[in-house]
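Q: When you get a sec, could you give me coordinates for this:
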Amino acid sequence: MYRADGSPIRALLVDDERALTNLVRMALQYEGWDIDVAHDAAEAIEKYRANPPDVVVLDIMLPDMDGYGVLERLRADEGYTPILFLTARDSVHDRVVGLTSGGDDYMTKPFSLEELVARLRGLLRRSAYLTPASEETLRVGDLELVSASRTVTRAGEEIALSSTEFELLRYLMRHAKRAVGRQEILDRVWNYDFGGKSSIVDLYVSYLRKKIDAGNPPMIHTVRGVGYLLRPAE
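A: Model (predicted):
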């Protein structure tokens, strides 16, 4: 896997455990990626701005600022970089906070290097950094998605989505008025195996509903025994 211009993927690893960053660095270098490492929040923000990466692996428990604070600083910059939380915090609440705060994926320690690499590949496939911007514009009712700028609006109001939420919505809009199954969504949106755990789809659909349907007539509907359907609001 390479960037659109043929150069190596750039990844930033942020964790204060040096043994862990050394291990992950070796795994990603084996993929042919360029790896930068930071061991605290200040160093992470400095390196991110000096040499913007294509993807970030971010711990939550850092010595000078938690990962949520780092995420907020990075999201304040221009552009959008996929961020995967890699942390020892493994409660459902921690996962929900990590994903709803703007993270694109969440893994807990201990972890499989193979799974980490697969998840990062999935994030990059869904990222606009690797392929030329598409001219695709999708409209369903008062909902509009523009692929080139990666913007979503409903009734003219812009809606901020993570890269995973954006790709899930794009898939639902491409197949508007058709019920799509959870496994189909996993195969086409995530691009890697969750061991049959389709609950990740339900979780992200709930995030989308809060953003797309909040204060508006609902557009995302559950089809029992199948999955989900997006259609214009009635």
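Q: what's the spacing between Leu138 and Arg170?
A: Applying CB to CB, to the nearest Å, the value for Leu138 to Arg170 is 7 Å. All C-beta spots, glycine's among them, are computed from the backbone N, C-alpha and C.
Q: ditto for Gly156
A: The spacing between Gly156 and Arg170, counted by CB to CB, is 19 Å.
Q: continuing past the lowest-mean-pLDDT helix or strand in the chain, what's the next helix or strand?
A: In the chain, no helix or strand scores lower on mean pLDDT, DSSP states H and E than helix 92-100, which sits at a mean of 78. For helix 92-100, the succeeding helix or strand toward the C-terminus, using DSSP states H and E, is strand 105-108.
Q: Run the chain-centre distance for the very next helix or strand once past that next one.
A: Once the chain leaves strand 105-108, the next helix or strand it forms, by DSSP H and E, is helix 113-125. With CA atoms, centre = their mean, to the nearest Å as the basis, helix 113-125 stands 11 Å off its chain's centre.
Q: Now the common contact residues for Leu138 and Arg170.
A: Contact criterion CB atoms under 8 Å, 6 or more residues apart in numbering; residues shared by Leu138 and Arg170: 145, 147.
Q: which of the two has more neighbours?
A: Shown here are Leu138 and Arg170; by other CB atoms under 10 Å, Arg170 has more neighbours (20 against 16).
Q: Could you find the closest non-adjacent residue to the more buried one?
A: Once flanking residues are discounted, Arg170 sits nearest to Leu145: 5.9 Å by CB to CB, 6 or more residues apart in numbering.
Q: Next, Asp5: secondary structure please.
A: coil (DSSP: H, G, I helix; E, B strand; the rest coil).
Q: from now on call the first residue 16
A: OK, 16 is where the count begins now, so the last one is Asp20.
Q: what about it, neighbour count?
A: For Asp20, the neighbour count with other CB under 10 Å is 6.
Q: if we can go back for a sec, describe which strands the helix or strand where the residue nearest to Arg185 lies pairs with in its sheet and in which direction.
A: Per DSSP H and E, Leu160 falls inside strand 158-161. Partner strands for strand 158-161, per DSSP bridges, with pairing direction: strand 152-155 (antiparallel), strand 166-169 (antiparallel).
Q: can you map out the helices along the chain?
A: 33-45, 56-65, 82-91, 107-115, 128-140, 178-189, 197-200, 214-227 (DSSP state H).
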